[in-house]
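> Here is a sequence with its predicted model. Questions after.
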Amino acid sequence: MRPLRPFHSPWRRFALGLAAVLAVSLALAFAPRAASAAPPATLDLTQLQALLDANHSGVNGAFDTVVGGSAGQLPTTIPMKVLSIVGGAGPDGALILFQADMTDPVMARIGDIAMGMSGSPLYVMDGGQRKLIGALSYGDIFTLGGLGLATPIQYMLAIEAGHDLGPTAAPIKAVRHGLSPGRTRGAKLAVPVKSATGATVRRIVVAPDEAAARALAPVAGTVVFAPLEAVRIGGLPYASRIYKQLAAAFAIRGYTVERGLGTGPDGWDPTFATPLIGGAALAAMYTDGDLWAGAIGTLTYVNGDHVLAFGHPMDWIGSTSLYLDNAYIDGIWGSSLAAYKLGEPGSVRGTITQDYGSGIGGRLGAAPAQVPVTSSATVTTDASRMAHSRTYLAQKWADSPFGSYLAASATGVPILKAGDLANMPGSATTTTTVVVSDGFHTYTVTRHNLWDDSYDVQYAATIDVGNILSTLTADPFGIAPATVRSVDLQTAADQTRRAATIADVSVTGGLHDGRNVVHVTLNAYGVADQQTVDVPLDLPAGTPTEGTLAVVPANGGSSAGGGVIPPSDPTPTPPTRQSLAQVVAALNEAPTNDMIRVTFTPGGAPVPGPLAGGASQAVPIPLPAPPVKVTAHTDWYVLGGVSKQTPAMTLWAKPATVKKGQRTRLIGVLGNVSSDANVMIYRRYLGTSARVLVATVTATSGGGSACFAYTAAALPRSAAFIAVYDGSDSALAGTASVTVRLKH
């Protein structure tokens with residue numbers, strides 16, 4: 001027999017959860033019950049076992065669940081039989097093994113217990129009274145006949161008794177979905193039971209998730225169950241990159257992800273309401289609005305304004321905050337593999353506040369504290385279209401790292417609506433605004449950015465939202481707790497590409513003290529002519545001019561496909577603790593995608609110097625100077641990068657003072673040059689500005705530098721000689737000069 005899973009699914013306008021079962025021929029007629037002020041009578045495991053001991057063939061009962069469609073939105077009763085209590089199989093202990101009656105018209109039509117039935121209350125008759133024993137919760141998706149597992153109601157009542165189901169302010173910790181992380185639990189039945197197919201069941205295995213269940217080798221007499229939660233995402237086209245990112249984020253957390261429904265005037269009715277009674281459809285949602293994300297399951301127990309549901313965890317994080325919604329069930333899709341309910345959430349009726357191994361609990365009344373996520377987009381393809389959206393995130397999820405995925409996806413809804421494309425190469429300009437508070441002060445992060453992507457700029461436009469929120473809520477050192485107040489994204493996108501790659505960097509005449517003009521050459525997409533951006537770079541007096549000049553995208557060079565907003569400088573080690581105000585300031589100052597950074601880093605090998613007779617010696621380099629950095633905006637989304645060595649060029653004259661008619665020998669060294677190079681020698685008489693080219697000589701390389709020499713003609717008066725190297729693909733230009741004076 002193959003794996004089973006629980007019966008509900010996490011997601012806003014549509015969700016699934018499932019548990020599968022084997023059939024039984026015995027039936028007991030139960031009618032749906034109206035809501036009552038008092039909670040239902042219950043039966044604990046000891047009392048249930050007494051009934052099983054008195055009825056060796058099983059205890060007849062029924063479970064209530066909404067079938068939907070023309071059958072209506074009130075619970076329908078489906079007969080079942082309790083077969084056994086399986087000790088130690090569930091997260092809190094025992095689980096109840098039962099069989100649904102597959103001769104029932106509903107079960108005969110759908111062929112299996114369906115996703116969305118998780119939490120359906122199971123009842124048996126005791127002393128002439130209908131008593132609640134538990135919630136349908138786990139099943140085997142490949143087994144026909146209605147075999148399933150239920151969570152005992154006494155475990156669920158412990159949630160109500162031991163935890164405050166009212167609003168709570170406890171923070172959300174790390175999210176890990178699944179049954180007892182990493183563990184597969186097994187239990188041998190005290191008395192083997194026969195399924196409706198004639199197979200004997202001797203052992204029950206409950207896996208932490210569907211993947212673990214599928215990995216188990218089939219064993220005769222063993223049925224494998226797993227908590228099955230199929231996450232559905234609504235409001236986003238499933239083929240879009242934004243949908244896939246959010247789906248991947250849920251998959252990492254252990255959820256199976258299913259395609260959800262879109263939005264629109266006929267997509268769903270957010271005002272739908274029906275009485276919340278045992279067996280009613282219930283949605284537990286992370287969001288409310290144009291993007292919906294959450295789970296539709298079944299309500300198990302109502303006690304005044306307290307409710308318990310699902311019979312298994314959602315995120316299993318204890319204190320939580322989720323929208324407690326009505327759910328409209330369109331119907332049940334029958335399947336011998338995995339039947340599921342089609343449905344969408346309806347009106348918000350309260351807050352889910354607790355999430356434990358045996359179920360979720362909450363309180364009717366007030367909705368969760370929430371954060372508005374607004375977005376507007378203008379997208380131009382063959383025509384220009386606008387769209388707007390508003391989604392609310394439950395506050396505690398907005399303040400968690402996972403909230404960054406939800407918010408970024410929510411801001412992508414109008415972009416995809418306006419573009420009406422699953423993916424769109426092109427460019428976009430965005431303005432992202434996030435308002436956040438530390439409890440004392442309110443701060444605003446505002447980023448204006450440019451995006452370009454060869455596959456889907458619609459997705460790229462949402463990246464700042466996710467990066468800003470993940471940075472604000474990560475708080476790795478505990479002194480910058482952030483409460484998100486609002487998120488907004490404004491986007492203008494079209495199919496024009498605005499990417500450019502850094503192709504070259506040069507400095508006319510080489511680097512020198514004071515103001516330099518760095519020429520950065522860009523290859524722009526679709527433009528034949530190279531583009532040049534001139535960037536002023538000021539070197540303090542005394543800065544060595546030998547070193548490396550590099551040009552890179554100021555944002556760190558990450559593509560639109562991902563990455564985080566990089567700090568202006570590498571993070572120091574150990575990291576510096578920051579207040580929220582400091583984190584916000586760093587985000588506001590972070591470079592954008594259209595900026596380049598020019599960095600000159602002084603340093604290099606010792607440069608040989610002349611000795612008498614033209615020999616050379618090592619001349620020590622000054623102590624390393626700090627890098628000099630400057631950023632500049634461009635008109636493009638910048639990619640690539642280039643760096644060049646700046647040669648340390650030195651020129652000597654021997655002798656530097658000459659008599660009339662005496663010649664002088666010029667000796668030069670070109671540092672950081674690995675091959676022979678041409679050097680031009682110019683002469684300029686002192687007191688004049690004209691330079692005359694007197695020779696072009698070859699600098700011969702060796703040992704990481706190149707040396708050259710030239711014997712100048714006798715001077716009629718004092719003059720300066722200037723040696724000029726024009727640079728290469730790997731080195732910048734360089735200049736050096738020396739003055740030769742005429743002795744009278």
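Received, thanks. Residues are numbered from 1 along each chain as shown.
> Residue 579 is in contact with residue 586, correct?
No: between residue 586 and residue 579 there is no contact under C-beta atoms under 8 Å: 10.8 Å. Every C-beta, even on glycine, is put in place using the N, C-alpha and C of the backbone.
> For those two, indicate the residue with more neighbours.
Under the criterion of other C-beta atoms under 10 Å, the comparison of residue 586 against residue 579 puts residue 586 first, with 15 against 12.
> next SSE after the helix or strand harbouring the more buried one?
If you go by DSSP states H and E, residue 586 is part of helix 580-589. Using DSSP H and E, the helix or strand that follows helix 580-589 towards the C-terminus is strand 595-602.
> buried sites along that next one?
For strand 595-602, the neighbour count (16 or more other C-beta atoms under 10 Å) marks 595, 596, 597, 598, 599, 600, 601, 602 as buried.
> and the two most separated of these?
595 and 602 (23.3 Å; C-beta to C-beta).
> picking that back up, how about the buried residues of strand 595-602 in CSV, adding distance to residue 306 and pLDDT?
Shown next, in CSV, are the buried residues of strand 595-602 (distance: C-beta to C-beta, whole Å; pLDDT from 0 to 100):
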residue, distance to residue 306, pLDDT
595, 55, 97
596, 59, 97
597, 58, 97
598, 63, 97
599, 62, 95
600, 67, 94
601, 65, 92
602, 70, 87
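> Show me which of the residues you listed is closest to residue 421.
Closest to residue 421 out of the buried residues of strand 595-602 is residue 595 (28.6 Å), distances taken as C-beta to C-beta.
> Okay, the nearest residue to that closest one once chain neighbours are set aside and residue 468: tell me how far apart.
Once flanking residues are discounted, residue 595 sits nearest to residue 554: 3.7 Å by C-beta to C-beta, 6 or more residues apart in numbering. Shown here: residue 554 relative to residue 468, a distance of 17 Å by C-beta to C-beta, to the nearest Å.
> Look at these two and report which has more neighbours.
It is residue 468, of residue 554 and residue 468, that has more neighbours when counted by other C-beta under 10 Å, with 29 against 24.
> which stretch of helix or strand covers residue 97?
Residue 97 belongs to strand 93-100 when elements are defined using DSSP H and E.
> same check, this time on residue 410
Short version, using DSSP H and E: residue 410 is in helix 403-419.
> hang on, residue 285 packs against residue 293?
Yes: counting by C-beta under 8 Å, residue 293 is a contact partner of residue 285 at 6.6 Å.
> Give the other helices and strands that the helix or strand containing residue 257 contacts.
In this structure, residue 257 is located in strand 256-259 according to DSSP H and E. Identification of packing neighbours for strand 256-259 by 3 or more C-beta pairs under 8 Å, 6 or more residues apart in numbering; DSSP states H and E yields strand 228-234, helix 241-252.
> residues touching the residue nearest to residue 323 when sequence neighbours are not counted, list them.
Distances taken as C-beta to C-beta, 6+ apart put residue 285 closest to residue 323, at 4.1 Å, once the chain neighbours are dropped. The neighbours of residue 285, taking C-beta atoms under 8 Å, 6 or more residues apart in numbering as the test, are 11, 12, 292, 293, 294, 295, 322, 323, 325, 345, 394.
> As a markdown table, these with neighbour count and distance to residue 235 would be great.
Below are those laid out as a markdown table (neighbours: other C-beta atoms under 10 Å; distance: C-beta to C-beta, whole Å):
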| residue | neighbour count | distance to residue 235 |
| --- | --- | --- |
| 11 | 32 | 10 |
| 12 | 33 | 8 |
| 292 | 32 | 6 |
| 293 | 30 | 9 |
| 294 | 32 | 12 |
| 295 | 37 | 16 |
| 322 | 26 | 17 |
| 323 | 27 | 15 |
| 325 | 30 | 15 |
| 345 | 33 | 12 |
| 394 | 27 | 16 |
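> between the residues you listed, which is closest to residue 549?
Checking the contacts of residue 285 against residue 549 with C-beta to C-beta, the nearest one is residue 293 at 48.5 Å.
> Distance of that closest one relative to residue 472?
From residue 293 across to residue 472, the span is 20 Å (C-beta to C-beta).
> Now do the contacts for the closest residue to residue 545 other than its chain neighbours.
Of all residues not flanking residue 545 in the chain, residue 511 sits nearest, at 4.5 Å (C-beta to C-beta, 6+ apart). By C-beta under 8 Å, 6+ apart, the contact set of residue 511 is 537, 539, 545, 549, 600, 646, 732.
> quick one: low-confidence parts of the stretch 251-400 of the chain?
Along the stretch 251-400 of the chain, segments meeting pLDDT under 70 span 260-267, 336-337.
> residue ranges of the helices in it, please?
Assigned by DSSP state H, counting those that start in this stretch, the stretch 251-400 of the chain shows helices spanning 395-398.
> show me where the stretch 301-450 of the chain has strands.
Secondary structure of the stretch 301-450 of the chain (DSSP state E, counting those that start in this stretch): strands at 306-309, 318-333, 340-356, 359-364, 370-380, 384-394, 426-437, 442-453.
> got these as TSV, with distance to residue 251 columns?
Converted to TSV, these look like this (distance: least, C-beta to C-beta, whole Å):
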stretch	distance to residue 251
strand 306-309	24
strand 318-333	20
strand 340-356	18
strand 359-364	21
strand 370-380	22
strand 384-394	20
strand 426-437	26
strand 442-453	23
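> Any idea which of the ones you listed gets closest to residue 727?
Nearest to residue 727 among the strands of the stretch 301-450 of the chain is strand 442-453; the distance by C-beta to C-beta comes to 30.3 Å.
> The closest one versus helix 580-589: what angle between them?
Orientation of strand 442-453 against helix 580-589 (axes from the mean of the first three to the mean of the last three C-alpha atoms, to 10 degrees) gives an angle of 30 degrees.
> and the next element down the chain from the helix or strand bottoming out on mean pLDDT in the chain?
When each helix and strand of the chain is scored by mean pLDDT, DSSP states H and E, strand 16-18 comes last, with a mean of 34. For strand 16-18, the succeeding helix or strand toward the C-terminus, using DSSP H and E, is helix 45-54.
> what is the mean pLDDT for that next one?
Across helix 45-54, pLDDT averages out at 96.
> Contact partners for residue 86?
Counting by C-beta under 8 Å, 6+ apart, residue 86 has contacts 94, 95, 96, 97, 149, 187, 189, 204.
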